[in-house]
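S.K.: Here is my input; please provide its structure:
(chains A, B, C and D)
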Number of protein chains: 2
Amino acid sequence: MVEQEKKPRGFIRSTRQRRVILEVLRGTNSHPTADWIYQKVRDRLPNISLGTIYRNLKTLAENGEVQELNFGSTFSRFDGNPEPHYHFYCQRCGRLFDLFEIPVDHDLTARAGNATGWKVLGHRLEFYGLCGECAKTEGQDGTETGSLQNDK
Amino acid sequence: MVEQEKKPRGFIRSTRQRRVILEVLRGTNSHPTADWIYQKVRDRLPNISLGTIYRNLKTLAENGEVQELNFGSTFSRFDGNPEPHYHFYCQRCGRLFDLFEIPVDHDLTARAGNATGWKVLGHRLEFYGLCGECAKTEGQDGTETGSLQNDK
DNA sequence: ATAAATGCAAAACTTTTGCACCCGA
DNA sequence: TCGGGTGCAAAAGTTTTGCATTTAT
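M.R.: Below you'll find the predicted structure:
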């Protein structure tokens, strides 16, 4: 039950559902959940099913069109930007931000390979703390940012 | 339903269940799942319930006794070593290894704070690829490399 | 034509929770 | 004593899957 490596499909069809899912995901930088994407896509394709959302997100991730992120939660979030980059997670409001300011350090991957002798292909890096908005209100209750946290 | 910041409890009791869970987790470097821990603990406490495992793992994590890891899967793995360190995930066999060879770079956290102006408290870093054993047998069973987003 | 993709619903899995009872400090 | 902890079972939340049907190529 551990998630293994995934192999890209031979060829993948261009379906209306797949196209809309990709457009929705490319059109936000909020790193949404599958269910959030489902709700958005339903505005344009009312009959789409949640299973199709999941199947397509998996296919798109396997083909490098989107990224699946599994930081600090029981559910996945998706990133429409397939380019490797780092993230920042606000542990107060729960939002996930791109952190383009720190460039991806490919040397780090190489160093890990040299240090272990293994085939290290890449790395994932996520920062955490309080985002600008939440840092301002630090010390206050913290449950009052509820409107922001539910991206789903 | 995004996981928020957790505040340590005032004081936590030392119960038989909590003690055994911690011993089991400290006694392995395999970064096990809650269910694996449950099976192990049951050898010594046959009546323990899975709910108690989860409640204690959460409490222990909140108090800095263990770490919860959420890399690349829908379920959590736990690390009995509370000291910050990096990990390596083998995408072939699914095992998660400690990577003590690369020391934690606290400067990275500081750089992210400077770059964003936010309150960056730390970071999580995980490498992925093929471990020594799996690299040897690469290409044997149709499990291809390169499906995940590699560094370029 | 035919293999991939979809919709629907059920199932699988992981994790949380309500509640009565128990136990450690 | 008494509030935290436990066991049990049910529920919640996320993701996967079987199957008949549709659709892209």
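
S.K.: Tally up the residues packed near the closest residue to DNA strand D within chain A, please.
M.R.: For chain A, the residue closest to DNA strand D is residue A:51, as judged by Cβ to the nearest atom of the strand, at 2.8 Å. Glycine gets a C-beta too; all of them are placed from N, C-alpha and C. When neighbours are defined as other Cβ atoms under 10 Å in any protein chain shown, residue A:51 has 9 of them.

S.K.: who in chain A is up against DNA strand C?
M.R.: Proximity of chain A to DNA strand C, by Cβ under 7 Å from any atom of the strand, involves residues A:1, A:9-10, A:12-13, A:15, A:17-18, A:45, A:47-52, A:55-56, A:59, A:74.

S.K.: So, low pLDDT: which residues of chain A?
M.R.: Residues of chain A meeting the criterion pLDDT under 70: A:1-10, A:139-152.

S.K.: which strand in it runs the most residues?
M.R.: Using DSSP state E, we find that the single longest strand of chain A is strand A:119-130.

S.K.: Can you get me the start-to-end distance on stretch A:36-53?
M.R.: One end of stretch A:36-53 sits 10 Å from the other (Cα to Cα, to the nearest Å).

S.K.: Buried residues in that stretch, which are they?
M.R.: Buried residues in stretch A:36-53, counting neighbours by 16 or more other Cβ atoms under 10 Å in any protein chain shown, are found at A:36, A:37, A:38, A:40, A:41, A:48, A:52, A:53.

S.K.: Does it reach chain B?
M.R.: No. Using Cβ under 8 Å from any Cβ of the partner chain, we find that stretch A:36-53 stays clear of chain B, coming within 11.4 Å at best.

S.K.: ok, which stretches of chain A are helices?
M.R.: Using DSSP state H, the helices of chain A run over A:16-26, A:34-44, A:50-62, A:106-116, A:132-136, A:146-149.

S.K.: so which of those comes closest to residue A:95?
M.R.: helix A:146-149 (6.4 Å; Cβ to Cβ).

S.K.: Name the nearest residue to the residue of chain A most remote from its centre, ignoring sequence neighbours.
M.R.: Largest separation from the mean C-alpha position in chain A: residue A:117, at 29.6 Å (Cα atoms, centre = their mean). Using Cβ to Cβ, 6 or more residues apart in numbering or on different chains and skipping the chain neighbours, the partner closest in space to residue A:117 is residue B:132 (6.3 Å).

S.K.: can you put the helices of chain A in CSV and add distance to residue B:32?
M.R.: CSV is the format used below for the helices of chain A (distance: least, Cβ to Cβ, whole Å):
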stretch, distance to residue B:32
helix A:16-26, 33
helix A:34-44, 27
helix A:50-62, 26
helix A:106-116, 21
helix A:132-136, 33
helix A:146-149, 30
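
S.K.: residues touching the closest residue in space to residue A:129 that isn't next to it in sequence, list them.
M.R.: Leaving out its chain neighbours, the residue that sits closest to residue A:129 by Cβ to Cβ, 6+ apart is residue B:121, at 3.8 Å. Shown in contact with residue B:121 (Cβ atoms under 8 Å, 6 or more residues apart in numbering or on different chains): A:91, A:128, A:129, A:130, B:109.
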